[in-house]
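> Fold the stuff below for me.
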Amino acid sequence: MPVLRDLLLVEELNIDVAYRRSDYNLVGSVDTYKGSIDWAIASGLRFRGG
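Predicted structure coming up:
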């Protein structure tokens with residue numbers, strides 16, 4: 001999901017979040033989730049983390 005774009009020190013800022021619930025016969029329900037950020041300061045300089 002794009003959050004910010006074309007600002008001072010922020011060429012592009014994206015955030016990604018996800019959640020999933022799985023139901024298994026033997027072990028029951030399992031919740032999984034993830035989150036990540038992608039920050040482009042300028043062309044050629046980008047930070048990513050999750």
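
> how about the strands in the protein?
2-7, 10-24, 28-42, 45-49 (DSSP state E).

> measure the residue in the chain sticking out farthest from the centre to residue 20 for me?
Most distant residue from the mean C-alpha position of the chain: residue 26, 30.9 Å away (Cα atoms, centre = their mean). For residue 26, the distance to residue 20 (Cβ to Cβ, to the nearest Å) stands at 18 Å. Yep, even glycine has a C-beta here, placed from its N, CA and C like the rest.

> what about residue 35, neighbour count?
Counted with other Cβ atoms under 10 Å, the neighbours of residue 35 add up to 11.

> pretty sure it is in contact with residue 14, am I right?
No - Residue 35 is beyond contact range of residue 14, at 11.7 Å (criterion: Cβ atoms under 8 Å).

> Let me see the contact set for the residue farthest from the centre of the chain.
Applying Cβ atoms under 8 Å, 6 or more residues apart in numbering to residue 26 gives no contacts.

> Just the pLDDT at it, thanks.
As predicted, residue 26 sits at a pLDDT of 91.

> swap in the one 5 residues further on?
pLDDT, the model's per-residue confidence, is 96 for residue 31.
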